[in-house]
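> 3D, please:
(chains A and B)
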There are 2 protein chains.
Amino acid sequence: MTGAAEPGRVTFVSSGPGDPELLTLRAVARLRTADAVLFDDLSAGPILSHAPAEADLVAVGKRAGRPSPNQDHVSRLLVDYARGGGHVVRLKSGDAGIFGRLEEELAALEAAAIPYEIVPGVTAASAAAAAAGLPLTRRLTARRLQFVTGHDVTGALPEGLNMAALTDAQATTVVYMGRRTFAALAERLIAGGLPPDTPALLAEGISTGAQRIAESTVARLGTELAAAPSSAPTLILYGALARAGLIAR
Amino acid sequence: MTGAAEPGRVTFVSSGPGDPELLTLRAVARLRTADAVLFDDLSAGPILSHAPAEADLVAVGKRAGRPSPNQDHVSRLLVDYARGGGHVVRLKSGDAGIFGRLEEELAALEAAAIPYEIVPGVTAASAAAAAAGLPLTRRLTARRLQFVTGHDVTGALPEGLNMAALTDAQATTVVYMGRRTFAALAERLIAGGLPPDTPALLAEGISTGAQRIAESTVARLGTELAAAPSSAPTLILYGALARAGLIAR
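Prediction:
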């Protein structure tokens, strides 16, 4: 870190789904000028090698797919580093604005009058669909694309789900962090009128060496996931997207 | 192009919202080995400079925000180039899988047994939110994020809109290519129960030199856009995202 005389600033850098090649050129440029990098577990590894050798690398210990009780701690740490001066990069996996609890860190910076920039990135849904050879929207059959999270802060399925939105077979739905709750969600979707054989796609470890993509249906995947707990970062896609035979590659 | 003896292959490269710095490292790597690049109007410019000097650069003439009657022509051209051999890059703005009519080009390649890869990218919604300093989701108030298109192939508001999904003030909704139809959409949203003063954000020319972001409400923006036609690429965001005072930067 540079001296405290220089005012600090923060760049939220979206690191993409995990593959270092899915960083943007701007993300790399910002990492290169970092005095400190605060990163979650998922965004570690080769991505950090873009930071200068002398930069502080600080693991803040959040993990995708798990409830994260320490958000206040992360926000405080971020403010503390920024007050120390220099350029603080807050590395967030995927796109920082999508299920990254970015609002809490932004609010902490605004309260402390610390300037920031946000570098957008590739969200996991785009990477999963690309890996599966599938578009997320289709002109006639999937004109709406929606992203939901599979858990609230307690780890349970969130309250107040919009069932009319989620049981719409004419949309593509992507469930982030939904592995542990998908059995319960699938049950509610089917009770709400979504056909049990609606195509579904399980995408694990997207854009990492452990990537696995499996075709299923909403009903079958609910049962399968209930029987096979795992901590792999998981995305579940369901709806109209898998209907045109394009899944079979 | 290289000789026809070598089998051709296609890479769909997502170019991001326009700013060349929002290309991914993989997108740049694929462009560097291109024998031909088929690009839409929006993805032209400095992004193409990553292609080798000897590569064929082919404008296929699609434009974001306009109905595009020539999709068949684009697909045929893509197949023809790939059959000619070598590495054909099909550059698509934003993320190729989101409102890019990717399915039609994929189907043409599959019918012709031409192998392909898809490189995901930064979709315009992520870039617009980042530029506005806003997250697209919020832990308690915006757990669902949805993307819809503002027009069908005729340029009109699509039929069969899921009004329960779209009038949900607890979601963040992003309307792609919705400038010309937003007045009509806003009217239907309000008739369907969405509060007229629901926060809305107009994002024009995102990540380009002509970027403009303006705060509004659903009712006001509908009226404003009806009175001010423009061909600028436009995104409209509305819903819970603008509620925490973070918009004011």
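
> all strands for chain A, in order.
Counting by DSSP state E, one finds strands in chain A at the ranges A:9-14, A:36-39, A:56-59, A:87-92, A:116-119, A:144-149, A:171-176, A:199-204, A:212-217, A:234-239.

> Report the central residue of chain A.
For chain A, A:G94 is the residue whose C-alpha lies nearest the centre (CA atoms, centre = their mean; 4.6 Å).

> For that residue, list each beta-bridge partner.
With DSSP bridges as the criterion, A:G94 is bridged to A:G16.

> Return the most buried member of the strands of chain A.
A comparison of the strands of chain A by mean neighbour count, using mean count of other CB atoms under 10 Å in any protein chain shown, puts strand A:87-92 on top with a mean of 28. Placement of C-beta: from N, CA and C, glycine included.

> touching chain B at all, it?
No - counting by CB under 8 Å from any CB of the partner chain, chain B has no neighbours in strand A:87-92; the shortest distance is 10.2 Å.

> Wait, the residue nearest to the centre of chain A touches A:V13, no?
No - assessed by CB atoms under 8 Å, A:G94 is found out of contact with A:V13, at 11.5 Å.

> For those two, list the residues in contact with both.
A:G121 (CB atoms under 8 Å, 6 or more residues apart in numbering or on different chains).

> give the contact list for the nearest residue to A:A59 once chain neighbours are set aside.
For A:A59, ignoring the flanking residues on the chain, the nearest one in space by CB to CB, 6 or more residues apart in numbering or on different chains is A:F39 at 6.1 Å. A:F39 makes contact with A:15, A:47-48, A:57-60, A:91, according to CB under 8 Å, 6+ apart.

> Flag the shaky bits of chain A, pLDDT-wise.
A:1-6, A:42-43, A:62-69, A:241-249 (pLDDT under 70).

> So which residues make contact with stretch A:225-236?
The contact list for stretch A:225-236 (CB under 8 Å, 6+ apart) reads A:18, A:42, A:64-66, A:124-125, A:128, A:150, A:174-180, A:182-183, A:200-206, A:208, A:210, A:212, A:221.

> give me every residue that touches A:T181.
Contacts of A:T181 by CB under 8 Å, 6+ apart are A:150-151, A:155-157.

> repeat that with 10 Å
Contacts here follow CB atoms under 10 Å, 6 or more residues apart in numbering or on different chains; on that basis A:T181 touches A:149-152, A:155-158, A:175, A:222, A:225, A:236.

> measure A:E215 to B:A113 for me?
21 Å (CB to CB, to the nearest Å).

> Run a quick check on A:L237 versus A:A203, I expect a contact.
Yes - contact criterion CB atoms under 10 Å: A:L237 and A:A203 qualify, at 6.7 Å.

> on that earlier part again, for the strands of chain A, give me JSON lines that also has distance to B:R139.
Listed next are the strands of chain A as JSON lines, based on distance: least, CB to CB, whole Å:
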{"stretch": "strand A:9-14", "distance to B:R139": "16"}
{"stretch": "strand A:36-39", "distance to B:R139": "19"}
{"stretch": "strand A:56-59", "distance to B:R139": "22"}
{"stretch": "strand A:87-92", "distance to B:R139": "14"}
{"stretch": "strand A:116-119", "distance to B:R139": "17"}
{"stretch": "strand A:144-149", "distance to B:R139": "9"}
{"stretch": "strand A:171-176", "distance to B:R139": "13"}
{"stretch": "strand A:199-204", "distance to B:R139": "23"}
{"stretch": "strand A:212-217", "distance to B:R139": "28"}
{"stretch": "strand A:234-239", "distance to B:R139": "19"}
